[in-house]
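Asks: A structural model of the following input is requested.
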Amino acid sequence: MTAVAPLPQDAEFFLDARGEARALRVRWHQDADVVVLSMWRGGQCVSTFRLAIDEVPDLIASLRAGLAQAYAGVRR
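Replies: Numbers count the residues shown, from 1 in each chain. All right, here's what the predicted structure looks like:
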């Protein structure tokens with residue numbers, strides 16, 4: 001029997017709109033001054049990206065700008 005690892009308590013998961021058990025996991029690692037974004041397919045991590053904490057505000061600004069444009073398009 002294969003042991004199942006518990007989900008980390010300090011991580012957030014976001015499901016992919018395409019389905020197929022795809023997900024994005026966001027997990028902070030303050031000890032290393034990074035946030036790790038990992039791509040999951042089912043129970044398997046298929047890719048990771050380590051973003052320095054000082055770059056997180058730029059990522060958030062980019063997401064906000066895209067969201068504002070998307071909402072502006074819906075309002076028209």
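
Asks: residues near the residue lying closest to L37 once chain neighbours are set aside, how many?
Replies: Among residues not flanking L37 along the chain, F49 sits closest, at 4.6 Å (C-beta to C-beta, 6 or more residues apart in numbering). (Glycine included, C-beta is placed from N, CA and C.) Using other C-beta atoms under 10 Å as the criterion, F49 is surrounded by 11 other residues.

Asks: check contacts around F49.
Replies: Residues near F49 by C-beta atoms under 8 Å, 6 or more residues apart in numbering: 36-38.

Asks: what are the boundaries of the helices in this structure?
Replies: 56-75 (DSSP state H).

Asks: could you list the low-pLDDT ranges of it?
Replies: For the chain, applying pLDDT under 70 flags the ranges 1-8, 76.

Asks: mind listing the strands for it?
Replies: 11-15, 22-29, 34-41, 44-52 (DSSP state E).

Asks: okay, I53 and Q30: tell me how far apart.
Replies: Noted for I53: a distance of 8 Å to Q30, by C-beta to C-beta, to the nearest Å.

Asks: before we move on, back to that, just the strands of the chain: most buried one?
Replies: strand 34-41 (a mean of 16; mean count of other C-beta atoms under 10 Å).

Asks: just how off-centre is that one within its chain?
Replies: With C-alpha atoms, centre = their mean, to the nearest Å as the basis, strand 34-41 stands 6 Å off its chain's centre.

Asks: one more: stretch 60-76?
Replies: 19 Å.

Asks: CA atoms only for it - export them in CSV, please.
Replies: Only the C-alpha atoms of stretch 60-76 are listed here, as CSV (Å, rounded to 0.1, in the frame of the first residue of the first chain):
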residue,chain,number,x,y,z
ILE,A,60,0.4,41.0,-7.6
ALA,A,61,0.4,44.3,-9.6
SER,A,62,0.4,42.3,-12.8
LEU,A,63,-2.5,40.2,-11.7
ARG,A,64,-4.4,43.3,-10.5
ALA,A,65,-3.9,45.0,-13.9
GLY,A,66,-5.1,42.0,-15.8
LEU,A,67,-8.1,41.6,-13.5
ALA,A,68,-9.0,45.3,-14.0
GLN,A,69,-8.8,44.9,-17.7
ALA,A,70,-11.0,41.8,-17.6
TYR,A,71,-13.6,43.6,-15.5
ALA,A,72,-13.5,46.6,-17.8
GLY,A,73,-14.2,44.4,-20.8
VAL,A,74,-17.2,42.8,-19.0
ARG,A,75,-18.7,46.2,-18.0
ARG,A,76,-18.8,47.3,-21.7
